[in-house]
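Chemist: Show me the folded form of this:
(chains A and B)
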Amino acid sequence: MNSQMFRDSAYNGLWKQNPGLAQLLGLCPILAVSTNIVNSVSLGLATILVMAVANLAVASLRNFIPYEIRIPVFILIIAALVTVVDLGFNAYFHSLYLVLGIFIPLIVTNCIVLARVEAYAAKNDALSSTVDGILMGLGLVWVLALLGGIRELLGSGTLLSGIEMVIPGLEGFSVFGDDYPGFLIAVLPPGAFFALGCLIAGYNAINTHRAARARLKPARPGPAQGQPAAEVTQAAG
Amino acid sequence: MSSARYTATRTSLRTAAIMVGFTAIFTAIMAFTFDTTRPAIEAARIEEQMRLIDEVLPRDRYDNLLLEDFVDVGPHPALAGNRVSRIWRARKAGQPVALIAESSAPDGYAGRIELIVAIQADGTVSGVRVTAHKETPGLGDYIDPRKDRNKTRPWISQFVAVDWNAIEASKWTVRKDGGVFDYHTGATISARAVTRAVGRTVGHVVEQRDALFAAPSASRL
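Modeler: Take a look at the predicted model:
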């Protein structure tokens, strides 16, 4: 794994093929858990862990997995890892486990995990696959954190409520004061769709803007701009 | 023809063997994790139960091993409806102190609301907590003190120190229905369900108090 591959993985995971905004894989947990930042990020971190270890396991074992039965084997590996994470949460982060409850086992059904295993880990070496899993997971986490933050702020006027379940001693805070009446729809499932829709719209607007700028660049030739312009055009295409 | 079948059989067997191998390895990993985390999960489960019980009955009020001194009751309509509910018995120096009953309100806005209710031996309520519910976030979920905006005096705390013998059975509901308990306007159903369930539970436990305290531990009534 060289630095160019790392940059590609980072750019793909965090922006270009972002699981939450571009690939739209794993909408079930994204929409269901993102009622506040702590829940979102906790599930996101659990997903990163599963993605990293699943990619590592599949990349290391890829020469032993026959092509015909690769999907059942991948699912088996992912399901086993999620079970391990589920038991770990239950044992060591019990109060958080009570909140995230059913969503940890549901990481198995999160398409992004299988998608990365199939599209990346099955064809690449262990190290770059692990890095890819982590970066794809991070891409999911920042979208989840933003979505959770928006919904928590609008819905209940607080930020980071429930942090004491993860880091004892810390406390969430109220942004709009205790009199904030709350904006119920932001916390309910429709609010998740609205907020995610706005995020995707913003993401597409930025991409369109960047693509338009990239098209203008080759018109102004210059040795200093040659390299970055080519890179951006390629990314936009 | 025969060589093709031979290859197909061979491929199938080989594939099946690999699948079985992977299954065995990953089942072993899961079994190992299950085994190593089991004590921690059991401890966390007990701690979680004790955390809830601590909220309804302070630990200095009793000196027995509360979680091991219980009876299973029911199913009884006054408690957890169609399921068995567990009643823990708090004692100090062998004398009855309080009963902590699992109960549930079947008529919440979004299904059952699970409760634990602590009733002192003299018939006063020591505390009530909601252990599980699906009430609307931000609207009906004030029945859970962690979600209640009023942190100094959450809604559920109004049951503390209420004496069963001082209030008529028919008054164990919200003011809107002619009872004596408060509710939040716009979210009556959750409060009504919890209040009525608490009334039913307290009434039943007070009535059965002597039998509940006398039954052998871990028995079924």
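
Chemist: Tell me how far residue B:55 lies from chain A.
Modeler: With distances taken as C-beta to the nearest C-beta, to the nearest Å, residue B:55 is found 14 Å from chain A. Every C-beta, even on glycine, is put in place using the N, C-alpha and C of the backbone.

Chemist: Could you check which helix or strand contains that residue?
Modeler: Secondary structure here is read from DSSP states H and E; on that basis residue B:55 sits in helix B:2-56.

Chemist: avg pLDDT for that helix?
Modeler: For helix B:2-56, mean pLDDT rounds to 87.

Chemist: by contact count, what packs against that helix?
Modeler: Contact analysis of helix B:2-56 by 3 or more C-beta pairs under 8 Å, 6 or more residues apart in numbering or on different chains; DSSP states H and E lists helix A:70-92, helix A:94-100, strand B:111-120, strand B:125-132 as its packing neighbours.

Chemist: Apply 10 Å and report the result again.
Modeler: Taking 3 or more C-beta pairs under 10 Å, 6 or more residues apart in numbering or on different chains; DSSP states H and E as the contact definition, the neighbouring helices and strands of helix B:2-56 are helix A:37-61, helix A:70-92, helix A:94-100, strand B:85-92, strand B:95-108, strand B:111-120, strand B:125-132.

Chemist: residues touching the closest residue to residue A:110 other than its chain neighbours, list them.
Modeler: What sits nearest to residue A:110 in space, not counting adjacent residues and going by C-beta to C-beta, 6 or more residues apart in numbering or on different chains, is residue A:26, at 4.0 Å. Under the criterion of C-beta atoms under 10 Å, 6 or more residues apart in numbering or on different chains, the contact partners of residue A:26 comprise A:19-20, A:47, A:106-107, A:109-115, A:140, A:144.

Chemist: Name the strands paired with the helix or strand of chain B with the lowest mean pLDDT and say parallel or antiparallel.
Modeler: One helix or strand of chain B scores below all others by mean pLDDT, DSSP states H and E: strand B:219-220, with a mean of 84. Taking DSSP bridges as the criterion, strand B:219-220 forms sheet pairs with strand B:70-73 (parallel).

Chemist: re the thing from before, and the helices and strands packed on helix B:2-56, which one averages the lowest pLDDT?
Modeler: Within the helices and strands packed on helix B:2-56, the least confident segment by mean pLDDT turns out to be helix A:94-100, at a mean of 79.

Chemist: pull the CA atoms of stretch A:69-76 into PDB?
Modeler: Coordinates of each C-alpha in stretch A:69-76 appear next as PDB, following Å, rounded to 0.1, in the frame of the first residue of the first chain:
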ATOM      1  CA  ILE A  69     -19.500 -19.700  -2.700                       C
ATOM      2  CA  ARG A  70     -17.800 -16.400  -1.900                       C
ATOM      3  CA  ILE A  71     -21.100 -14.600  -0.900                       C
ATOM      4  CA  PRO A  72     -22.200 -17.200   1.700                       C
ATOM      5  CA  VAL A  73     -18.600 -17.300   3.100                       C
ATOM      6  CA  PHE A  74     -18.500 -13.500   3.300                       C
ATOM      7  CA  ILE A  75     -21.900 -13.400   5.000                       C
ATOM      8  CA  LEU A  76     -20.700 -16.100   7.400                       C
END
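
Chemist: and it with chain B, contact?
Modeler: Yes: applying C-beta under 10 Å from any C-beta of the partner chain, one finds stretch A:69-76 in contact with chain B at A:69, A:72, A:73, A:74, A:76.
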